[in-house]
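K.L.:
Dropping the sequence and predicted coords here.
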Amino acid sequence: QDDVKIGFIVKKPEQAWFINEQDAASALGEQKGFEVVRLAGEDGQQVLSAIDNLNSQGAQGFVICPPDVRLGPAIANRAKQYGMKVVTVDDQFLGADGKPMASVPHLGMSGYKIGQQVGETIAKEMKARGWDPQSVAALRISNNELPTAKERTDGATDALLDAGFVEDNIFDAPQQNTDTSSAFAAASPVLSKNGRFEHWVIFALNEESVLGGVRASEQYGLSPDQVIGVGINGSGAAFAEFSREKPTGFYGTIAVSSTMHGRQSADNLYTWITEDKEPPANTETTGTLMTRDNWQQVREDLGL
Amino acid sequence: MNDKAATQSTSPVEGRRGLPKPLRTLLDTSGLIAVFILLFIGLSVLVPDFLTGRNIVGLLLSVTLIGTIATTMMMVLALGEVDLSVASIVAFSGVVAAMVTSTSGSVVIGVLVGIAAGAAVGAFNGFVVARFGINSLIATLAAMEFVRGLAYITSGGDAVMITVPGFFDLGSASFLGLTLPVWTMIGCFLVFGVVLNMTAFGRNTLATGGNSEAASLAGVNVRRLKIMVFALQGLVAGIAGVLLTSRMGLGDPNTSQGLELAVISACVLGGVSLSGGVASITGVLVGVLIMGCVQNAMGLLNVPTFYQYLVRGAILLLAVMFDRWKQTRRAGG
Amino acid sequence: MNDKAATQSTSPVEGRRGLPKPLRTLLDTSGLIAVFILLFIGLSVLVPDFLTGRNIVGLLLSVTLIGTIATTMMMVLALGEVDLSVASIVAFSGVVAAMVTSTSGSVVIGVLVGIAAGAAVGAFNGFVVARFGINSLIATLAAMEFVRGLAYITSGGDAVMITVPGFFDLGSASFLGLTLPVWTMIGCFLVFGVVLNMTAFGRNTLATGGNSEAASLAGVNVRRLKIMVFALQGLVAGIAGVLLTSRMGLGDPNTSQGLELAVISACVLGGVSLSGGVASITGVLVGVLIMGCVQNAMGLLNVPTFYQYLVRGAILLLAVMFDRWKQTRRAGG
Amino acid sequence: MAEAYLRIDGITVEFPGVRALDGVSFAARGGEVHALMGENGAGKSTLLKVLSGVNRVTGGQLWIGGEPIVFANAREALRRGVSIIYQELTLSPNLSVAENLLLGQLPVKHGFLDRRRLRERAMAILEELGEGDIDPSTKVRDLSIGQQQMIEIGRALLRDARIIAFDEPTSSLSVQEIRHLKRIVSRLRDEGRVVLYVTHRMEEVFEMCDAVTVFRDGRHIRTHDTLEGLDHDTLVSEMVGREIEDVYGYRPRERGDVLMRLEGIEGRGVRAPVSLEVHRGEVLGLFGLVGAGRSELMRLVCGVERASAGQVSFDGTSRRFGSAQQAIRAGIAMCPEDRKSQGIFPVASVSDNLNISCRRFFKRWGGFRDPARETRNTRDYIRQLRIKTPGPKTPIANLSGGNQQKVILARWLAEEIDLFVMDEPTRGIDVGARRDIYSLLYDLAERGKGVLVISSDLAEVSSICDRIGVMRNGELIDIVPREDATPERLLGLALPA
Ligand SMILES: Nc1ncnc2c1ncn2[C@@H]1O[C@H](COP(=O)(O)OP(=O)(O)OP(=O)(O)O)[C@@H](O)[C@H]1O
Ligand SMILES: Nc1ncnc2c1ncn2[C@@H]1O[C@H](COP(=O)(O)OP(=O)(O)OP(=O)(O)O)[C@@H](O)[C@H]1O
Ligand SMILES: O[C@@H]1[C@@H](O)[C@@H](O)CO[C@H]1O
Ligand SMILES: [Mg+2]
Ligand SMILES: [Mg+2]
């Protein structure tokens, strides 16, 4: 079949993560000879416009990371109306019943599971440093307005609790944005208030936010060996931190291959369109722990 | 915010006697209409798939939210005030409509309560501004925070799914190929065009924005007027919010962040003065369409995200600069 | 935007003769200072850990960005204009500083180029506003888009890492227990307080905001003044951006979205008029501190996220309402 | 004698730091034109704003038609038949003439604006105002100030009020417009309405009014129920509390060298090339009807607008000013005619308004201003011009109209420059202060400066100037030396041939 055109709609087009995904998809397109239209869908309204726009251009389907997983039915509906095929990447659609929509093929990591991985990493490092759980507090930089963010921090929280973390020692620092400075502002008062703790662990929805917490801990006077911060993604923010001269409280990050996500999901869709072979209903990917010691290697492996 | 200069726009012209009257008026009324026409022709010629029925329908649909709310924002700005809370109202009324529909099982009740919630917020804004003389930027900024908070609390932070199927029909019901949200937008443009130009209410709004002390001395009930204009704004934002919810199939407390700036800039682009007293419905329509067309064309042309920022910024600036240039040239000649 | 009412504030009062002069002046100058003092005492008493050295240092640090930029935003608003591009400038100059430092290996060059980038954007804004008479809301909205786009393009969308360790010292260098960003903020408050009140430049800015035609007839070079004020705004936003980058250890093109509204509301809360001509540096300081204290206290009190929206909105509204109430009571009595 | 329809009984109004009215009582009958007179800041406008419900009283009672009245706002006063033409224009600049005329009572049919009736009623009232050539759909901002003032008057007339008050209506009107106004006022009297009339012009009082009430410092001084037997000097001394013999007090002096020479100036508002010389030590008048192009001429000279042709030489060198700033730096300053839009910074203090330009002479340490000297400077002028203000820091918007005008004048009198261009300097200023201002102008001339006064006040130009240029319809018709400047001659030159 000639002239295949697919869309790649992402919820945060400025984020390095999604840029990588779209880049990977475009690269694959060039290689295999199909066109990838890169679009932004930062809210439901924009997603629907983007789909309309794809339809105007005669695209046969699209890959999407939706701004809200509950938009699933509306998006799937619109796609069906236009006879377009849909696959999701990163965030899986939820149906009207609140369960994942099995009818739309998905590829991604579960936010909850990746969060668990963060929690487990922290617990392991705590043990390695020989910290007494009673003296450790957790700074949970939360963003409950964002469902994915909540999933991730919930996952991390549960994993920590399973590993014997004291529930009362977990403190929320609600941030207003997902960047470093908003996390910093949210973290400062929490640290001031809980001066009795010697050791802190820090987690959040992404690396930038964890970094904000780490900066606040430094400002507060905690030294790097008193802090374990673990992020998610594997982006420039983490590389910047790892390439500093001296180690900081930012211990590591759970890196996920955005390149692989973009490439694979686009490929799945392309095969579906050209060979009518429906991709697997749900492909789960996992993250790799990236620390100061192995970051360059992991980065290369994952093609970031 | 000093746009005295902008007020020198609409004086008749000596030259151009040769052109047919409607065209002359068009060119004189606003350089912006000319900008839009040129832009539209340019896009139709240069951008493949732009001038196709389905793309135009999609384009219209994509501007419904901004367009609908811009009509009442125009009234608020004409009054010399501003309303930053519209995006929060959209989210809140959508969430409320979704919740009420789901719990009551009745689409009618859900829709009405959702819209009423929007109107109530608007009326409250108006009350605070008119009764206590609070600066509307601050009052509605407070409302923006507060009402967004209400939306989160009402929904528990998660988007509210709607279980009653009739609710979806609202957003997709279509007539002559256009859906209800588009018709609503068209309706708002007509209604508020008429209100602004053909009713005492509209003229009093402009008079108050031009010089509120003068209006009040001339016997205009400025306080009531302000409350009504803000309530209308809330009502229309509420309608827009309910329609959005129905179109999306869920009431999302996070939706439409930053919408207020887009709406205000569409109005200002359309020649509405931020200092009050100057507004035109065609201007606003053109402002909305310019922004929509540019965005749509960038999608069709597959402009990389980052460059979209540059293009949006540049177009905005060029459009107003062209408009100013036309005005000064006219004033000079 | 009509806040004529706010202008009736600073007139002397008959009563209260009994109070010591500084206190009387304080209470008369602004109800807002009273609001802040009450709030501060209340928080110190009611919120555990609020009044501790560390917390206050943290609080100061958390308002540096808003506070620093608010000083020049005050000048811009005093001029009767507005600048929406500050957040983008912060991101852009931060990214530029990070890139240039890393490539050149020199912190000094990186910092200077970053700051210069900010000042250049500001000067460009001023030029567009002053030379072409473009409404500053639209001009700086365009710049906000454009410059954010530049930040993304410069950085490729990802946070820029900094390899030169000296760069980090900027943000953490400390003197008398306060770090450079805090000192910068304090410095900006002092400098622009002096500029506003003690120089012809500052008074001309206020005069231009009050009545730009009259100012021009009175011999003020309005055009140059506007360019300079916007350039200063860009310069200060650039400094703030570079310091933020150094403090956070990365140049993030995504940073500080929405900062412009926070800065403008701190100013307006501090009694700066959006219609120009009225500004006070103490007002702005208090506006910034009220917002910072509320946010900090909510953190300490562990207020659930969604309710934080309600609290922020309510405090904002109550603060201005109290201020208005004090004014009318004074005018009435 | 008819029963007093309007009775003001012990009215007191206080503003922060000022008692604007202090137990004022008097009465006005229907069918009478009642003049209100007093120095700037005496409380005349404040009283009218009490009548219209804008100002709240702290004591006393208003009686209308025998009933005690308290108005909560302007709307109630309008409904009760009280209509005021305010001292400052209160129009919405971007609405049409017709809409402004009928604002607050726009005609409605089936819920929609009735544009036909709007237009008809507007045309009728414009005709009556003698402004029949204004198209009702013109935007108000495109009218001259005089025309705008007439629109204000028309709006009040359309209210069909029993009590109608004029606050210095003639200060910006042309000769023809004043003639129409007089006709309108006497018609209102004949219809039995109560007409209150605030003015600083003596001749208007004697020509148009039946009774006069004099205020000073917020207090009622005297009401004359009839003007018979009342003479000019008595009235003046009641107003200012002292004797004033000759308001103009002309002082002859030697004329110096040529300071500025205009050759063939043309541009917007100036239709035929203007050539003119101003000498040091001279007070040169520019007379003409409103709209003759005098302000426009000086705007071209002072760099506010570009001249399309001609030469300006100042102090011996040829100059072309690109902005007011350049002109001021070179030594020419222009005090604009429209105080509200071109003069005051409403929210700024008296001191800031006054020192905006001259503070450059007392800067310290390379750029910092000197607040103490500014305050001293302000106090000096408050004293010299008898500016009634609680202090230098009071916002200028809290001053009475005439006192605002004095501050703007002081802004320029405080300048250290060579040529002072004063456009309608004494508009709205009381007799006593006018004398002081004239005296300051003579002082300037005596110090070798040049003074150019644009004025529409015939008595003023012919009495204070050494030479008078007369403009008509954008053209300089003639320059008349003081000796030949009889009012008839000047008016003859100024009126359309
Ligand atoms: N809004 C206000 N706030 C404070 N003081 C005021 C206000 N309005 C008027 N005043 C004061 O009240 C006094 C009377 O002012 P008013 O305007 O009535 O004078 P006036 O007789 O009309 O003078 P003029 O001839 O200059 O118009 C003045 O001293 C003035 O400063
Ligand atoms: N708003 C306006 N629009 C168009 N033309 C105007 C306007 N105002 C004035 N003019 C024209 O400009 C010329 C001069 O007007 P202006 O009234 O300022 O004259 P003037 O001699 O300075 O009078 P004065 O100083 O007494 O007000 C006249 O030809 C007048 O018709
Ligand atoms: O928002 C996140 C993004 O930051 C990246 O981690 C991929 O998953 C999305 O859900
Ligand atoms: Mg007065
Ligand atoms: Mg004039």
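P.N.:
That came through fine. Ligands and ions are numbered 1, 2, ... in the order given.
K.L.:
got a list of what residue B:180 touches?
P.N.:
By Cβ atoms under 8 Å, 6 or more residues apart in numbering or on different chains, the residues touching residue B:180 are B:170, B:171, B:172, B:173, B:174, B:243. Any C-beta I mention is one placed from the backbone N, CA and C, and that applies to glycine too.
K.L.:
confidence score at the residue lying closest to the fourth one once chain neighbours are set aside?
P.N.:
The reference is to residue B:173. Ranked by Cβ to Cβ, 6 or more residues apart in numbering or on different chains and with sequence neighbours excluded, the top spatial neighbour of residue B:173 is residue B:180, at 4.7 Å. Residue B:180 carries a pLDDT value of 92.
K.L.:
coming back round to it: neighbour-wise, which of the contacts of residue B:180 leads?
P.N.:
Using other Cβ atoms under 10 Å in any protein chain shown as the neighbour test, the contacts of residue B:180 are led by residue B:243, with 28 neighbours.
K.L.:
what about it, which SS state?
P.N.:
The assignment at residue B:243 comes out as helix when based on DSSP: H, G, I helix; E, B strand; the rest coil.
K.L.:
Could you report the neighbour count for the residue nearest to it when sequence neighbours are not counted?
P.N.:
The shortest distance from residue B:243 to any non-neighbouring residue, by Cβ to Cβ, 6+ apart, is to residue B:181 (4.7 Å). By other Cβ under 10 Å, 27 other residues sit near residue B:181.
K.L.:
Repeat that for residue D:403.
P.N.:
Per other Cβ under 10 Å, the neighbour tally for residue D:403 reads 25.
K.L.:
Check whether the helix or strand harbouring it comes near ligand 4.
P.N.:
If you go by DSSP states H and E, residue D:403 is part of helix D:401-413. Yes: using Cβ under 5 Å from the ion, helix D:401-413 comes into contact with ligand 4 via residue D:401.
K.L.:
Skip ahead from that helix and say which helix or strand is next.
P.N.:
By DSSP H and E, the next helix or strand past helix D:401-413 is strand D:419-423.
K.L.:
Tell me who's in contact with residue A:233.
P.N.:
Residue A:233 neighbours (Cβ under 8 Å, 6+ apart): A:16, A:17, A:206, A:207, A:253, A:254, A:255, A:256, A:258.
K.L.:
Keep those residues, but drop any that are not near chain C.
P.N.:
residue A:16 (Cβ under 8 Å from any Cβ of the partner chain).
K.L.:
In the contacts of residue B:180, find the pair that's most separated.
P.N.:
Among the contacts of residue B:180, the pair separated by the greatest distance (Cβ to Cβ) is B:174 and B:243, at 12.9 Å.
K.L.:
In chain A, where is pLDDT below threshold?
P.N.:
A:1-2 (pLDDT under 70).
K.L.:
Next up, identify which helix or strand the closest residue to ligand 4 within chain D is on.
P.N.:
At 3.1 Å from ligand 4, residue D:45 is the closest residue in chain D, using Cβ to the ion. Take DSSP H and E as the rule and residue D:45 turns out to sit in helix D:44-51.
K.L.:
what residues are up against residue 202?
P.N.:
All of this refers to chain A. A:138-139, A:141, A:187, A:210, A:213-214, A:217, A:227-230, A:249.
K.L.:
oops, chain D please
P.N.:
D:232, D:235, D:236, D:431.
K.L.:
re the thing from before, could I get the average pLDDT for the helix holding residue D:403?
P.N.:
Here the average pLDDT along helix D:401-413 is 91.
K.L.:
Quick check: bridge partners of the closest residue to residue A:131 other than its chain neighbours?
P.N.:
Closest residue in space to residue A:131, ignoring its immediate chain neighbours: residue A:199 at 5.0 Å, by Cβ to Cβ, 6+ apart. Per DSSP bridges, the residues bridged to residue A:199 are residue A:136.
K.L.:
Now tell me what touches stretch D:154-165 from outside.
P.N.:
Against stretch D:154-165 from outside (Cβ under 8 Å, 6+ apart): B:218, D:5-6, D:28, D:30, D:48, D:51-52, D:64-65, D:78, D:81-85, D:100-103, D:105, D:121, D:125-126, D:128-129, D:131, D:184, D:188, D:193-198.
K.L.:
does ligand 1 sit close to that stretch?
P.N.:
No: applying Cβ under 6 Å from any ligand atom, one finds stretch D:154-165 separated from ligand 1 by no less than 11.6 Å.
K.L.:
Quick check: mean pLDDT of that stretch?
P.N.:
91.
K.L.:
May I have that stretch as PDB, with CA atoms only?
P.N.:
Extracted in PDB, the C-alpha atoms of stretch D:154-165 (Å, rounded to 0.1, in the frame of the first residue of the first chain):
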ATOM      1  CA  GLY D 154     -27.900  69.200  25.200                       C
ATOM      2  CA  ARG D 155     -27.900  66.100  27.300                       C
ATOM      3  CA  ALA D 156     -29.100  68.000  30.400                       C
ATOM      4  CA  LEU D 157     -31.800  69.800  28.400                       C
ATOM      5  CA  LEU D 158     -33.100  66.500  27.200                       C
ATOM      6  CA  ARG D 159     -33.800  65.600  30.800                       C
ATOM      7  CA  ASP D 160     -36.500  68.200  30.900                       C
ATOM      8  CA  ALA D 161     -35.400  68.900  34.500                       C
ATOM      9  CA  ARG D 162     -37.100  71.400  36.900                       C
ATOM     10  CA  ILE D 163     -33.700  72.300  38.300                       C
ATOM     11  CA  ILE D 164     -30.900  72.700  35.900                       C
ATOM     12  CA  ALA D 165     -27.400  73.800  36.900                       C
END
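K.L.:
Tell me which residues of it come out buried.
P.N.:
D:154, D:155, D:156, D:157, D:158, D:159, D:161, D:162, D:163, D:164, D:165 (16 or more other Cβ atoms under 10 Å in any protein chain shown).
K.L.:
I'd like the residues you listed laid out as a markdown table, including distance to residue C:324 and secondary structure.
P.N.:
Below are those laid out as a markdown table (distance: Cβ to Cβ, whole Å; DSSP: H, G, I helix; E, B strand; the rest coil):
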| residue | distance to residue C:324 | secondary structure |
| --- | --- | --- |
| D:154 | 36 | helix |
| D:155 | 31 | helix |
| D:156 | 32 | helix |
| D:157 | 37 | helix |
| D:158 | 35 | coil |
| D:159 | 32 | coil |
| D:161 | 33 | coil |
| D:162 | 36 | coil |
| D:163 | 33 | strand |
| D:164 | 35 | strand |
| D:165 | 31 | strand |
